[in-house]
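Chemist: Any chance you can model this:
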Amino acid sequence: MIDFSQALQDKIDIITENWIEAVRGDEEIETAKQLTYDSVRDSLPIVLQAIVTILSQSEDSDIPTVVEQSLEHGTVRAKQGYDAEEIAREYRLLRRVIFEAIEPELLKGSAAEVNRAYRLIDNVLDEAIAICFKTYTQARFQELQDLQNQLQLTNQELTRLLRASQENVSHLAHELKTPLTSIIGYSELFLRQRNNPSVKDSVLNLAHIDKVLNNGRRLLRLINDTLEISRYEAGRIKLQLTATNVRSAIGTVVEIIEPLAKAKNLEIAVECDPVLDRVMTDYLRLQQIITNLTSNAIRYTQAGTITIKTELLSDKHWSISITDTGTGIASEDCDRIFLPFFRADNSLGSLMPDSTGLGLAIVARLVNLLQGKIELVSEVGVGSSFTVIFPLELDGVEIQE
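Modeler: Alright, predicted model coming up:
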């Protein structure tokens, strides 16, 4: 009698390695290419161990473990940005890898033993993907609800913006048209299908939810960034100067965005001049500048390091620089990179759907508001370095006690 449970037990590590390699090599699972090894693996070894228990003829079923891990897996994949089709392909690849690993044992087993192994493994995987989709759907619908609430809150201010200014309205309308059309179309589809249980949790329906969320997120970012530009142009941004520990401000930013870097196996290095512990600046606006520049560096860097460095230049000025090992910017684009809606032409442009073309424009305006200047040094294929030089004391700005 062939002990398939032991065969699977002996090959858990091999199955895990082969599955991760298959997932990362699958062109239709793009999200996995941006994740670390541990993030892709998630709870797979625990699920495989549960399958071992189920295959064992001497132990009770371990379905509760499969249920628990699948619930968590669905939530994790939703947070990581997977779409439904990517999850479905992951499970199909897992089934294939498992049976390829234990094929030598299957060839030696009797027909009854092989049928039992196939039946149990298929049942477990079917149960796992069903439960995974359940929590994935719940997470997506909650995100959709949160997104809807945010869009409602910004709608009134967007209307005032469009009435008050014609600058960039034509470009903005073009940018909004595609995500709005998608949101409207797929939302109508959801409304028609919500009372049809046969399609409620289908892969296709979940994929539609993903498209609504992705376009909604893009729309919300575009709206918020446009409103920030509008506030600056209207002179509505008021500085709140306080004595700021620059290292602390950078540390807070790194803590927030470090998961984005880790997802791409990038390192963030920080080099802070210790004397910059009480700089008079607007703490939140400084953080916004650092966040936008560092996020932009992560977005356009596929390998290497993001370096954040501060330096006391003189008794009147200090600087902060963000340097990456990314795609770089062509010399002819360096003068236009801070214009609203401008995106430098680069080979990774198609991989950056989350860019609104406004992040650097906002940085330039906030730097100007803080009476600083920004310098850019970049080389295509080598990387970019943005250096912002600030005065230690701002003229004509009230300091907050």
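Chemist: use CA for all of it now, contacts and neighbours both
Modeler: Noted.
Chemist: Could you list the low-confidence segments of the stretch 101-250 of the chain?
Modeler: For the stretch 101-250 of the chain, the stretches with pLDDT under 70 are 153, 156-223, 225-226, 229-230, 233-234.
Chemist: all helices for the protein, in order.
Modeler: 4-10, 12-25, 37-41, 44-55, 63-80, 84-101, 103-108, 111-164, 169-193, 197-200, 203-233, 246-263, 283-299, 359-369 (DSSP state H).
Chemist: how about those helices, which one is nearest Gly328?
Modeler: helix 283-299 (9.6 Å; CA to CA).
Chemist: who does that closest one touch, helix- and strand-wise?
Modeler: strand 241-244, helix 246-263, strand 305-312, strand 317-323, helix 359-369 (3 or more CA pairs under 8 Å, 6 or more residues apart in numbering; DSSP states H and E).
Chemist: of all the helices of the chain, which lies closest to Leu392?
Modeler: Comparison of the helices of the chain against Leu392 by CA to CA identifies helix 246-263 as nearest, at 12.0 Å.
Chemist: Now do the closest one and strand 317-323, the angle between them.
Modeler: Interaxial angle of helix 246-263 relative to strand 317-323 (axes from the mean of the first three to the mean of the last three CA atoms, to 10 degrees): 10 degrees.
Chemist: Please identify the buried residues of helix 246-263?
Modeler: Neighbour-count burial for helix 246-263 flags Val246, Arg247, Ala249, Ile250, Val253, Val254, Glu258, Leu260, Ala261, Lys262, Ala263 (criterion: 16 or more other CA atoms under 10 Å).
Chemist: what residues does it touch?
Modeler: 34-36, 39, 267-268, 272, 274, 276-279, 283, 286-287, 290-291, 295, 298 (CA atoms under 8 Å, 6 or more residues apart in numbering).
Chemist: That one versus helix 63-80: what angle between them?
Modeler: 120 degrees.
Chemist: so how far is helix 246-263 off the chain centroid?
Modeler: Here helix 246-263 shows a centroid-to-chain-centroid distance of 15 Å under the convention CA atoms, centre = their mean, to the nearest Å.
Chemist: Just want the angle from it to helix 283-299.
Modeler: 30 degrees.
Chemist: got the angle for helix 246-263 vs strand 305-312?
Modeler: Using the same axes, to 10 degrees: helix 246-263 against strand 305-312 is 170 degrees.
Chemist: could you dump helix 246-263 to CSV, C-alpha only?
Modeler: The C-alpha coordinates for helix 246-263 follow below in CSV (Å, rounded to 0.1, in the frame of the first residue of the first chain):
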residue,chain,number,x,y,z
VAL,A,246,14.1,65.9,10.5
ARG,A,247,15.3,62.3,11.4
SER,A,248,11.9,61.7,13.1
ALA,A,249,10.0,63.0,10.1
ILE,A,250,11.9,60.7,7.8
GLY,A,251,11.5,57.8,10.1
THR,A,252,7.7,58.2,10.1
VAL,A,253,7.6,58.3,6.3
VAL,A,254,9.9,55.2,5.9
GLU,A,255,7.7,53.2,8.3
ILE,A,256,4.7,53.9,6.2
ILE,A,257,6.2,53.2,2.7
GLU,A,258,8.8,50.5,3.6
PRO,A,259,6.3,47.7,2.7
LEU,A,260,6.1,49.1,-0.8
ALA,A,261,9.9,48.8,-1.0
LYS,A,262,10.0,45.4,0.5
ALA,A,263,7.4,44.1,-1.9
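Chemist: Out of the helices and strands packed on helix 283-299, flag the one nearest Ile20.
Modeler: helix 246-263 (15.0 Å).
Chemist: From Thr305, how far off is Lys264?
Modeler: 11 Å (CA to CA, to the nearest Å).
Chemist: what do the two both touch?
Modeler: Between them, Lys264 and Thr305 share no contacting residue, judged by CA under 8 Å, 6+ apart.
Chemist: which one of the helices and strands packed on helix 283-299 lies closest to Arg95?
Modeler: Of those, nearest to Arg95 by CA to CA is helix 246-263, at 25.8 Å.
Chemist: Quick check: phi and psi on Asp324?
Modeler: Asp324 adopts backbone torsions of phi -130, psi 170, taken as degrees, to the nearest 10.
Chemist: same deal with the one 3 residues further on?
Modeler: Note on Thr327: backbone dihedrals following degrees, to the nearest 10 are phi -70, psi -20.
Chemist: Likewise for the one 10 residues further on?
Modeler: Summarising the backbone geometry of Ile337 under the convention degrees, to the nearest 10, its torsions are phi -70, psi -20.
Chemist: Confirm for me that it is in contact with Gly359.
Modeler: No: using CA atoms under 8 Å as the test, Ile337 is too far from Gly359 to be in contact (9.9 Å).
Chemist: Looking at those two, which one has more neighbours?
Modeler: Taking neighbours as other CA atoms under 10 Å, Ile337 and Gly359 compare with Gly359 leading, 28 against 21.
Chemist: pretty sure the more buried one is touching Ile290, no?
Modeler: No: taking CA under 8 Å as the definition, Gly359 is not a contact partner of Ile290, at 11.0 Å.
Chemist: so how far is stretch 243-254 off the chain centroid?
Modeler: 23 Å.
Chemist: now stretch 135-144
Modeler: 16 Å.
Chemist: and it, which residues are buried?
Modeler: For stretch 135-144, by 16+ other CA under 10 Å, it's Thr135, Tyr136, Thr137, Ala139, Arg140, Phe141, Glu143, Leu144.
Chemist: okay if I get those residues as a markdown table plus distance to Phe386?
Modeler: Output for those, formatted as a markdown table (distance: CA to CA, whole Å):
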| residue | distance to Phe386 |
| --- | --- |
| Thr135 | 42 |
| Tyr136 | 39 |
| Thr137 | 41 |
| Ala139 | 37 |
| Arg140 | 36 |
| Phe141 | 39 |
| Glu143 | 34 |
| Leu144 | 35 |
